[in-house]
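K.L.:
Okay, here's the prediction I keep looking at, along with the sequence it came from:
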Amino acid sequence: MARDYKQEYSTQKKRGEHSNRMERQRARRAIDKRDTGSVNKKSPKRKGKDVSHNKSLHKGGTNKDGYKLESPSKNRARNGHKPKKK
């Protein structure tokens, strides 16, 4: 049986996941444009990295809160938690 992409997309919009996906995409494109001058070329610095948001999108963050390139293991291990102060 084939995947129903139309239904997946509508479900994603109902859950509110669509806007977060668009924020992630805009952040990636902004980094590409900053590093290469073009949105069509992938930034060489982005290879093997995640675009990490300072305030996670699922907690109400946006690109205006800031984002940075971070290794996938660090970004996913943090899981939206702030670093502990020593």
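P.N.:
All right, it came through fine.

K.L.:
Closest to the mean position in the chain, which residue would that be?
P.N.:
Taking C-alpha atoms, centre = their mean as the criterion, R24 is the residue nearest the geometric centre of the chain, at 3.1 Å.

K.L.:
For the residue lying closest to it once chain neighbours are set aside, give the beta-bridge partners.
P.N.:
Nearest residue to R24 in three dimensions, chain neighbours excluded: V51, at 6.6 Å (C-beta to C-beta, 6 or more residues apart in numbering). For glycine as for every other residue, the C-beta is placed from the backbone atoms N, C-alpha and C. Here V51 sits in beta bridges with L69, as judged by DSSP bridges.

K.L.:
separation between V51 and K85?
P.N.:
Taking C-beta to C-beta, to the nearest Å as the measure, V51 and K85 are separated by 25 Å.

K.L.:
more neighbours, the two?
P.N.:
Comparing V51 with K85 by other C-beta atoms under 10 Å, the one with more neighbours is V51, at 21 against 4.

K.L.:
check contacts around the more buried one.
P.N.:
Contacts were defined as C-beta atoms under 8 Å, 6 or more residues apart in numbering; by that measure V51 touches R24, A27, R28, I31, Y67, K68, L69, E70.

K.L.:
which among those residues gets closest to H58?
P.N.:
Among the contacts of V51, R24 lies closest to H58 (C-beta to C-beta), at 11.1 Å.

K.L.:
And what about that closest one, helix, strand or coil?
P.N.:
Of the three states, R24 takes helix under DSSP: H, G, I helix; E, B strand; the rest coil.

K.L.:
ok, it touching H58?
P.N.:
No. The pair formed by R24 and H58 falls short of the contact definition of C-beta atoms under 8 Å, at 11.1 Å.

K.L.:
Distance check, R34 against K85.
P.N.:
R34 sits 30 Å away from K85, going by C-beta to C-beta.

K.L.:
swap in N79?
P.N.:
For N79, the distance to K85 under the criterion C-beta to C-beta works out to 18 Å.
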